[in-house]
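Peer 1: No letters, just coordinates:
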Ligand SMILES: C[S@@+](CC[C@H](N)C(=O)[O-])C[C@H]1O[C@@H](n2cnc3c(N)ncnc32)[C@H](O)[C@@H]1O
């Protein structure tokens, strides 16, 4: 795995395994547990029961579970889907895709290599045409995507789930401009962003201190520490229809998920859904 940023993919996979074990599970991922076991991590996650009182596996885990469910419902539908910072996403192996769909998974070579080994070891078979693409999303990744078979003339669903907080403002803006250029009418985008760098009270949240203590992952040290760009405004200026949501909006809609608390790291997260106007 590629150091701490690769470990964050394992953190989300562990949360998905945990979510699947809940009696009121919002999403299932039968492959998630295999990744965490294969990585040999001794994280105190339970594979068989919910742990609501843990800030990491309870509240943050529930956040990831809700996000997984929202995107499971959102993604299948366009001829192409591109997962930006795909990590250990297994939607190509577990969702019902329209025939002739093509899924691209973009991430670093080490993350994709680990994912491939684990999925092969459990005999996982993709349910859709799937192409992993090794890239650094801070650079020029569009040529590699097109070389891998992406066709800019087809509507695409783009997903940046848990990626943008790790990118600089410049890299985020460049990524948005690039994907917009590659988006035929009828394309859609989901991205998760933090509105701003958080203040000291939020940075002291048990979500951050607990994640560091239980997994060794210093999320605050990984997040870009400068003002965030307004990508929603940028996309609107490029002609996209944009809806900005909090995770709590989806908790209300689905009847399960995290609720707001004081000094809450989840409060500054936005789940943005953008669409280009389909051709008449
Ligand atoms: C928190 S994980 C999220 C993974 C997946 N989207 C999910 O929600 O399960 C972030 C992922 O972004 C990838 N990533 C971060 N920076 C990247 C970069 N510059 N280029 C490519 N991938 C990157 C990491 O390797 C990691 O797999």
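Peer 2: Thanks, I have the structure now. As the structure is a prediction and not an experimental result, all values here were calculated from the model. Numbering: from 1, shown residues only.

Peer 1: residues from the chain in reach of the ligand?
Peer 2: Residues of the chain found near the ligand (C-beta under 6 Å from any ligand atom) are 2, 5-6, 8-9, 12, 85-89, 107-108, 111, 135-138, 161-163, 166. C-betas here are computed from N, CA, C, even on glycine.

Peer 1: In PyMOL, select just the buried ones from those.
Peer 2: Entered in PyMOL, the line below selects the buried ones among the residues of the chain next to the ligand, by 16 or more other C-beta atoms under 10 Å:
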select buried, resi 5+6+8+9+12+85+86+87+88+89+107+108+111+135+137+161+162+163+166
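
Peer 1: Tell me which entries of the residues of the chain next to the ligand lie within strands.
Peer 2: Using DSSP state E, the members of those that fall within strands are residue 107.

Peer 1: Filter the residues of the chain next to the ligand down to the ones in helices?
Peer 2: Counting by DSSP state H, the residues of the chain next to the ligand place 5, 6, 8, 9, 12, 111 in helices.

Peer 1: Can you tell me how far residue 258 is from residue 185?
Peer 2: In this view, residue 258 and residue 185 are 35 Å apart by C-beta to C-beta, to the nearest Å.

Peer 1: same question, residue 60
Peer 2: Counting by C-beta to C-beta, the gap from residue 60 to residue 185 is 37 Å.

Peer 1: Give me the local confidence score for the residue in the chain that the ligand sits nearest to.
Peer 2: Per C-beta to the nearest ligand atom, residue 87 is where the chain lies closest to the ligand, at 2.4 Å. pLDDT for residue 87: 97.

Peer 1: Tell me the confidence at the residue lying closest to it once chain neighbours are set aside?
Peer 2: Leaving aside its sequence neighbours, residue 87 sits nearest to residue 9 (C-beta to C-beta, 6 or more residues apart in numbering; 3.2 Å). Per-residue pLDDT puts residue 9 at 94.
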